[in-house]
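*Asks:* Just to be clear, the model below is a prediction. Sequence and coordinates:
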Protein chains: 2
Amino acid sequence: MPAQNSSPSHSQGPRRSPTSHQAIVSAAVELAGELPYSRLSIEAIAARAGVGKQTIYRWWPSKAAVVLDAVLTWSQGDDGDLQLPDTGDLETDLRAVLHATVDELNDPHYDRPMRSLTVAIVEDAQLAAEYGERLERPLHQAKKARLHRAQLAGELDPEADLDVAVEMIFGPIMNRWMTRSGPLTHAYADAVLATALAGLRRRG
Amino acid sequence: MPAQNSSPSHSQGPRRSPTSHQAIVSAAVELAGELPYSRLSIEAIAARAGVGKQTIYRWWPSKAAVVLDAVLTWSQGDDGDLQLPDTGDLETDLRAVLHATVDELNDPHYDRPMRSLTVAIVEDAQLAAEYGERLERPLHQAKKARLHRAQLAGELDPEADLDVAVEMIFGPIMNRWMTRSGPLTHAYADAVLATALAGLRRRG
């Protein structure tokens, strides 16, 4: 399909061009930042991107799929580098990552599209699997790798279950953000981190 | 308003009767168990309950409000008793609660309505506040009260932050359920509990 209609003069308007693909992704992120997911529609994305609905359906099977693709492209920026900082002090490094996460989640430009993506994931098991493969699992592995280096360095208990550890350090923050069960602050992140590390550190 | 039209012969059909209120709540829970939240509509609830849309809007301002009310009424059953078991052994008691939570979340009859409620909460800050007041905070307080008794009994570190502790024990389970990031099993619950308690127990 990419080879077809490669000459702009041959295409019907902007359809199938890389430009319209990009316009759709940008429109989807913009709209996900303005509307709740339930009010976001393929029609609205098409109108904002200046393309026909069919152009969107040629690339994505559903609204959820466009939103996933758009938000992941946008949130990852140009660098695919998921590696966590490593200063040699685990708590310092995790604190920096958690504070950055809290700041991001408190930023309305980030909060709204991420809520749309979250709604799509909560509702749709297939989309959750794709999200898991494209972002959640690589991110989990990057966090686990940092904990593993701390374990090798003797900072963490050699018996600690690192998959559980990752979810205990990052889960409460995400959970509080999703359910809005309390203020999402650096102090809260610090308290979660301190309590989690108290259980994970090497004893004696 | 409740005093008006109290005579059935005077009312227009079943409107405003306790029966139609109950029929709407039942219809909303049923439909929330059959459809994703995005496809659940006031129209569908009205049709299933055998009432007009306006009857629903007389009691609830939005689809989200009906779903919140219906799912909370349904999930709480008749007993409003939120107290956690207390056998004197915190780990045993928390394990029982976590296993029951895991079983419930793995039950499709529970999973679907709870996903609808979660979507409503993720999207709508006002609804999240109402949910917090009606269920999340009382539940949090009940869990915290159990941890507090364990703290007084010397099972937990007297310095432990119990609000954080509650979120570290229950958050990862809810998070894994919401994002479907891994299998939600008793073994997973046990691993979370063991890791959390390792950090919370009284030292030395």
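*Replies:* Right, received. Where do you want to start?
*Asks:* Okay, domains of chain A per the record?
*Replies:* For chain A, the structural domains run A:8-75, A:81-200, going by automatic domain parsing.
*Asks:* Please identify which of those is closest to chain B.
*Replies:* domain A:81-200 (2.4 Å; C-beta to the nearest C-beta). C-beta coordinates here come from the backbone N, C-alpha and C atoms, glycine included.
*Asks:* quick revisit: can you list the domains of chain A in JSON lines and add mean neighbour count?
*Replies:* Shown next, in JSON lines, are the domains of chain A (neighbours: other C-beta atoms under 10 Å in any protein chain shown):
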{"stretch": "domain A:8-75", "mean neighbour count": "17"}
{"stretch": "domain A:81-200", "mean neighbour count": "18"}
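*Asks:* Quick check: A:M168 touching B:E167?
*Replies:* No. Applying C-beta atoms under 8 Å as the test, A:M168 and B:E167 come out as separate, 9.7 Å apart.
*Asks:* Now do the contacts for A:A128.
*Replies:* Neighbouring residues of A:A128 by C-beta atoms under 8 Å, 6 or more residues apart in numbering or on different chains: A:121-122, B:179-180.
*Asks:* repeat for A:D157
*Replies:* A:151, A:200-203, B:198.
*Asks:* Next up, the contacts around A:H148.
*Replies:* Neighbouring residues of A:H148 by C-beta under 8 Å, 6+ apart: A:L162.
*Asks:* does it sit in a helix or strand, and which one?
*Replies:* Element membership for A:H148, per DSSP states H and E: helix A:137-152.
*Asks:* follow-up on the earlier one: comparing the domains of chain A by mean pLDDT, which bottoms out?
*Replies:* In terms of mean pLDDT, the lowest-scoring of these is domain A:8-75 (a mean of 83).
*Asks:* That domain and chain B in contact?
*Replies:* Yes. Shown here: domain A:8-75 in contact with chain B (C-beta under 8 Å from any C-beta of the partner chain) through A:36-38.
*Asks:* you'd agree A:P113 is up against A:E34?
*Replies:* No. Counting by C-beta under 8 Å, A:P113 does not reach A:E34; the two are 9.5 Å apart.
*Asks:* Helices of chain A, start to end?
*Replies:* A:18-32, A:42-49, A:53-59, A:63-76, A:90-106, A:108-123, A:125-131, A:137-152, A:162-179, A:186-200 (DSSP state H).
*Asks:* can I get the ones you listed in JSON lines with distance to B:L193?
*Replies:* Output for those, formatted as JSON lines (distance: least, C-beta to C-beta, whole Å):
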{"stretch": "helix A:18-32", "distance to B:L193": "36"}
{"stretch": "helix A:42-49", "distance to B:L193": "44"}
{"stretch": "helix A:53-59", "distance to B:L193": "45"}
{"stretch": "helix A:63-76", "distance to B:L193": "32"}
{"stretch": "helix A:90-106", "distance to B:L193": "22"}
{"stretch": "helix A:108-123", "distance to B:L193": "24"}
{"stretch": "helix A:125-131", "distance to B:L193": "25"}
{"stretch": "helix A:137-152", "distance to B:L193": "19"}
{"stretch": "helix A:162-179", "distance to B:L193": "10"}
{"stretch": "helix A:186-200", "distance to B:L193": "11"}
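*Asks:* rewinding a little: quick check: the two most widely separated of the contacts of A:A128?
*Replies:* Maximum pairwise distance among those (C-beta to C-beta): 8.6 Å, between A:V122 and B:R180.
*Asks:* dump the residue contacts of A:I45.
*Replies:* Contacts of A:I45 (C-beta under 8 Å, 6+ apart): A:24, A:27-28, A:31, A:56, A:63, A:66.
*Asks:* typo on my end, it should be A:P85
*Replies:* Contacts of A:P85 (C-beta under 8 Å, 6+ apart): A:93, A:96-97.
*Asks:* Tell me who's in contact with A:W177.
*Replies:* Contacts of A:W177 by C-beta under 8 Å, 6+ apart are A:105, A:111, A:184.
*Asks:* Against chain B, which of those residues make the cut? List them.
*Replies:* Applying C-beta under 8 Å from any C-beta to these, none is adjacent to chain B.
*Asks:* Out of those, which comes closest to B:A46?
*Replies:* Closest to B:A46, out of all of the contacts of A:W177 and judged by C-beta to C-beta, is A:D111, at 33.0 Å.
*Asks:* from memory the closest one sits against A:L105, does it?
*Replies:* Yes. Using C-beta under 8 Å, A:D111 is in contact with A:L105, at 6.2 Å.
*Asks:* Over to A:D89: give its phi and psi.
*Replies:* Dihedral angles of A:D89 (phi, psi; degrees, to the nearest 10) stand at phi -120, psi 110.
*Asks:* For it, list the residues it contacts.
*Replies:* Applying C-beta under 8 Å, 6+ apart, no residues qualify as near A:D89.
*Asks:* right, and A:D190 touches A:L94 too?
*Replies:* No. Applying C-beta under 8 Å as the test, A:D190 and A:L94 come out as separate, 10.0 Å apart.
*Asks:* What are the neighbouring residues in contact with A:S41?
*Replies:* Counting by C-beta under 8 Å, 6+ apart, A:S41 has contacts A:K63.
*Asks:* State the phi and psi torsions of it.
*Replies:* The phi/psi pair for A:S41 (degrees, to the nearest 10) is phi -130, psi 160.
*Asks:* what does the one 10 residues further on give?
*Replies:* Its backbone dihedrals place A:V51 at phi -130, psi 170, with angles given as degrees, to the nearest 10.
*Asks:* Give me the spatial nearest neighbour of it, chain neighbours excluded.
*Replies:* A:S20 (5.0 Å; C-beta to C-beta, 6 or more residues apart in numbering or on different chains).
*Asks:* Nothing else from me, thank you.
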